[in-house]
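*Asks:* coords below, sequence missing:
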């Protein structure tokens, strides 16, 4: 079987590849910003403010509730990314077939 040479600069400039990058960026950048803000908010708030030290339920403070929420947020973002990655994979496979980089 003869392999086709792929013009990578042409492939990178193609509308399909640019759309894939645009969609990935539109998902990944906001999710990363949200994750980092939510993650670093706990140590910042506990360092400079005392309202998280107030009891939420019994002897459990709001700081503990926030910390548990971080685990939930991480799991949720992982699930969302896994589902979204399936779409990205389909787009990437379609693009590879389009440029001749994968066997049909």
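*Replies:* Perfect, thanks for sending it. Because the structure is a prediction, the values reported are computed rather than measured.

*Asks:* so what's residue 91 up against?
*Replies:* Each residue near residue 91 by Cβ atoms under 8 Å, 6 or more residues apart in numbering is listed here: 16, 19-20, 23. For every residue, glycine as well, the C-beta is placed using N, CA and C.

*Asks:* And the strands in this protein?
*Replies:* 55-57, 60-61 (DSSP state E).

*Asks:* Flag the shaky bits of the protein, pLDDT-wise.
*Replies:* Low-confidence segments of the chain (pLDDT under 70): 1-4, 101-104.

*Asks:* mind checking the longest helix of this structure?
*Replies:* helix 62-99 (DSSP state H).

*Asks:* Can you tell me which of the strands of the chain is nearest to residue 39?
*Replies:* strand 60-61 (18.5 Å; Cβ to Cβ).

*Asks:* so what strands line up beside that closest one?
*Replies:* strand 55-57 (antiparallel) (DSSP bridges).

*Asks:* returning to that earlier point: could I get the strands of the chain as CSV with mean neighbour count and distance to residue 34?
*Replies:* Below are the strands of the chain laid out as CSV (neighbours: other Cβ atoms under 10 Å; distance: least, Cβ to Cβ, whole Å):
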stretch, mean neighbour count, distance to residue 34
strand 55-57, 11, 23
strand 60-61, 14, 24
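
*Asks:* Export these to JSON lines and append columns for distance to residue 46.
*Replies:* Putting these into JSON lines (distance: least, Cβ to Cβ, whole Å) gives the following:
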{"stretch": "strand 55-57", "distance to residue 46": "14"}
{"stretch": "strand 60-61", "distance to residue 46": "10"}
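
*Asks:* who wins for proximity to residue 42 among those strands?
*Replies:* It is, among the strands of the chain and with distance given as Cβ to Cβ, strand 60-61, at 11.7 Å.

*Asks:* How far away from the center of its chain is that closest one?
*Replies:* 30 Å (Cα atoms, centre = their mean, to the nearest Å).

*Asks:* Cheers, nothing more for now.
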